[in-house]
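Participant: sequence unavailable; structure follows:
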């Protein structure tokens, strides 16, 4: 069995703790969290597990084969780099990989340099209904995807949007992204999971092949479906699929179902998504392999998240890759206001042949 320790006993950490306890591949040894109440809860549930208030102390006193990183995203980089000082055999890093693309890329690059298998537990990728949706898209059952619409209430671009965007990246077979535009209202000064986030936001992303992703997130978003808190709709040139993440069932309209059909595939998986991902990590460790597909797609999704916030902050379109983005200087151009005939610019009635 693989000895394992967990940093962070919040929502993600608890999902991993339960998964580790139920998996035949792992021996849970220790948990680190700065909160005494969180540590007390861990001791109550897992009496044999040692708890620490500092992950560096835990690493010194209880080194393990595998480390689970479930601290707030802004702490991921330092936690991962400290963990990599151990003779690890594998690592789980919660999503998003980091709070920004720079951190996420540094984390994944360092892990790859070590040749370590990494688990990034995007739950939708291992659940029955979302996997069926992916199969429909891959088989061309709705034709070529032209548009993906996402609505999500009670969450934000970086903490939940990372899930939905990662799913889009997977469905579109890891496409090259072209640009991102976004606008974030911040009037409520909402924070979530250690990050400042939007009150409400609209994100628009385009692939090089022309597929559009339109996502609305925020504290209160009208989903348009009673009882649902998230909606994803794939619009192809031969049909549509709509489903509701974390719920069973989906609706498809295509040549086989011209009037639309509500389908609910049987779920035969008894493990939680975190356990499925952790069990897959254990198999890679046993085989001596390292598959970075999920982690690379997650990094692409993080680039969209980071670009969305950059776009909103600088009030401009962000062309990808993000590494090439140079923030524009302050502009005194205000769409909708009268044009005075001075100050330069270009005549929108006489556009050039290309940008």
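Facilitator: Alright, I've got the coordinates. Everything numeric in this text was worked out from a predicted model, so none of it was measured.
Participant: switch to C-alpha atoms for all contacts and neighbour counts from now on
Facilitator: Will do.
Participant: any idea of the pLDDT on residue 25?
Facilitator: For residue 25, the model assigns a pLDDT of 99.
Participant: ditto for residue 355
Facilitator: The model reports residue 355 with a pLDDT of 74.
Participant: just residue 139 next, same as before
Facilitator: pLDDT, residue 139: 98.
Participant: for residue 345, same thing?
Facilitator: Looking at residue 345, its pLDDT stands at 87.
Participant: repeat that for the one 5 residues further on.
Facilitator: As predicted, residue 350 sits at a pLDDT of 91.
Participant: quick one, strands of the stretch 151-300 of the chain?
Facilitator: In the stretch 151-300 of the chain, the strands defined using DSSP state E, counting those that start in this stretch lie at 177-185, 191-192, 195-196, 200-207, 212-218, 230-236, 239-243, 250-254, 257-263.
Participant: packing partners for the last one?
Facilitator: Spelled out, it's strand 257-263. strand 250-254 (3 or more CA pairs under 8 Å, 6 or more residues apart in numbering; DSSP states H and E).
Participant: report the rounded mean pLDDT for the strand it packs on.
Facilitator: The model assigns strand 250-254 a mean pLDDT of 99.
Participant: which strands border that strand, and is each parallel or antiparallel?
Facilitator: If you go by DSSP bridges, strand 250-254 pairs up with strand 239-243 (antiparallel), strand 257-263 (antiparallel).
Participant: ok, now which ones touch the residue lying closest to residue 19 once chain neighbours are set aside?
Facilitator: Leaving aside its sequence neighbours, residue 19 sits nearest to residue 275 (CA to CA, 6 or more residues apart in numbering; 4.5 Å). Contact analysis of residue 275 by CA atoms under 8 Å, 6 or more residues apart in numbering lists 16, 19, 20, 22, 23.
Participant: gap between residue 275 and residue 8?
Facilitator: Applying CA to CA, to the nearest Å, the value for residue 275 to residue 8 is 17 Å.
Participant: please apply the same query to residue 147.
Facilitator: Per CA to CA, residue 147 is found 37 Å from residue 8.
Participant: same check, this time on residue 226
Facilitator: Distance, residue 226 to residue 8, using CA to CA: 34 Å.
Participant: ok, now residue 214?
Facilitator: Distance of residue 214 to residue 8, given as CA to CA: 32 Å.
Participant: residue 51 now?
Facilitator: 11 Å.
Participant: anything in contact with each of the two?
Facilitator: Each of 31, 32, 33 lies in contact with both residue 51 and residue 8 under the rule CA under 8 Å, 6+ apart.
Participant: in strands, which of these appear?
Facilitator: Within these, residues falling in strands by DSSP state E are 31, 32.
Participant: pLDDT and distance to residue 91 for the shared contacts of residue 51 and residue 8 - can I get that in JSON lines?
Facilitator: Listed next are these as JSON lines, based on pLDDT from 0 to 100; distance: CA to CA, whole Å:
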{"residue": "31", "pLDDT": "99", "distance to residue 91": "14"}
{"residue": "32", "pLDDT": "99", "distance to residue 91": "15"}
{"residue": "33", "pLDDT": "98", "distance to residue 91": "18"}
